[in-house]
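Asker: pasted the sequence and its predicted model underneath.
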Amino acid sequence: MVIHPAAAGTGIRFRRTDVVGCDPQILALWSALVPARLSTRVANDDGVEVGTIEHVMAALAGCGVHNALIEVDGPELPILDGSAAPFVVKIRACGVVALDAPLEVLRVTRPVQLVEGDAMARLEPARGFSMRFEIDFADGAIGRQMRTLDLANGAFAHVLADSRTFCRKSDVDAMRAQGLARGGSIHNAVVVDGDVVLSPGGLRHPDEPVRHKMLDAVGDLALAGAPLMGRYVARKAGHALTGRLVAALFETGAVERITLDANAAQLLPGIGLGRPDIPLSA
């Protein structure tokens, strides 16, 4: 996988280098979402897909990168250590260039909320971009966790980027029995079995699971196509619900595109993040 610079107005695009005979490019937009289990997947009109994009999308958004071309030679992005930290490290090491174009953002103008069973996700007007996420699992190793975070001033890189995806051992066993998750292991995910964390070294943070859910949400919300100015509030939400929330934001007309000046832009993720500001655990 290679991330290339792109001109202003390009947005985030994927290019399947292994595809011939049809369009290999896929826009990273909510309108390109296709159903997927436990991950985020997009496709173009020719049916060419790329999946597990949420971590790199989160890394780009968290580093303030709004235009990029990502080349990948298969239908899935690498999981690496299960977090966004390896992507953040590489992005910051290469550096980010400010383009000679106004910074356009999507401002949430009124609340939009979706509820499915005991899961809920909402976007509401706010200054800047912030989150509140709550999870509740029967597994003692996870339990109930809640965190609130303002994503300004490099908070994504400092607080969320190194938190890994997590799952139950029983889920891993079931997926492997179906021939799935063959590349998954206790080294690229936090695997729990009841009260026990099976992954070597345990958790990177006591609340690593909820941090990772917030990381995923940053990536899924980036499918809006531009930085969001608003507050995301969620309870037990996953990729699919957040994706439908972004769609509802546009379908209900609860968002407007505006241009930010330099002062207002300081409220967005990635602004002011310097090269030293990379996760040490990556």
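Answerer: Done, it's in.
Asker: A61: what's it in contact with?
Answerer: Contacts for A61 (C-beta atoms under 8 Å, 6 or more residues apart in numbering) come out as F156, V218, G219, L221, A222, P227, P269, G270. Glycine gets a C-beta too; all of them are placed from N, C-alpha and C.
Asker: contact partners for the most centrally placed residue in the chain?
Answerer: Central residue of the chain (C-alpha atoms, centre = their mean): G219, 1.8 Å from the mean position. By C-beta under 8 Å, 6+ apart, the contact set of G219 is T40, I53, E54, H55, V56, M57, A58, A59, A61, A84.
Asker: can you check T17 too?
Answerer: Contacts of T17 (C-beta under 8 Å, 6+ apart): P24, E71, V72, D73.
Asker: again with S83
Answerer: H55, A161, D162, S163, R164, T165, H212, L215, P279, A282.
Asker: can you give me the strands for the stretch 101-250 of the chain?
Answerer: 103-108, 112-116, 119-124, 129-136, 144-150, 166-168, 190-193, 196-197, 228-235 (DSSP state E, counting those that start in this stretch).
Asker: with mean pLDDT and mean neighbour count as added columns, please give the ones you listed in JSON lines.
Answerer: As requested, those are arranged in JSON lines below (pLDDT from 0 to 100; neighbours: other C-beta atoms under 10 Å):
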{"stretch": "strand 103-108", "mean pLDDT": "94", "mean neighbour count": "20"}
{"stretch": "strand 112-116", "mean pLDDT": "98", "mean neighbour count": "15"}
{"stretch": "strand 119-124", "mean pLDDT": "98", "mean neighbour count": "20"}
{"stretch": "strand 129-136", "mean pLDDT": "97", "mean neighbour count": "19"}
{"stretch": "strand 144-150", "mean pLDDT": "98", "mean neighbour count": "14"}
{"stretch": "strand 166-168", "mean pLDDT": "86", "mean neighbour count": "20"}
{"stretch": "strand 190-193", "mean pLDDT": "92", "mean neighbour count": "21"}
{"stretch": "strand 196-197", "mean pLDDT": "94", "mean neighbour count": "15"}
{"stretch": "strand 228-235", "mean pLDDT": "98", "mean neighbour count": "23"}
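Asker: reformat these as JSON lines; add distance to I91.
Answerer: Formatted as JSON lines, the strands of the stretch 101-250 of the chain follow (distance: least, C-beta to C-beta, whole Å):
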{"stretch": "strand 103-108", "distance to I91": "18"}
{"stretch": "strand 112-116", "distance to I91": "30"}
{"stretch": "strand 119-124", "distance to I91": "26"}
{"stretch": "strand 129-136", "distance to I91": "18"}
{"stretch": "strand 144-150", "distance to I91": "20"}
{"stretch": "strand 166-168", "distance to I91": "24"}
{"stretch": "strand 190-193", "distance to I91": "23"}
{"stretch": "strand 196-197", "distance to I91": "29"}
{"stretch": "strand 228-235", "distance to I91": "19"}
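Asker: follow-up on the earlier one: so which of the contacts of S83 are in helices?
Answerer: H55, H212, L215 (DSSP state H).
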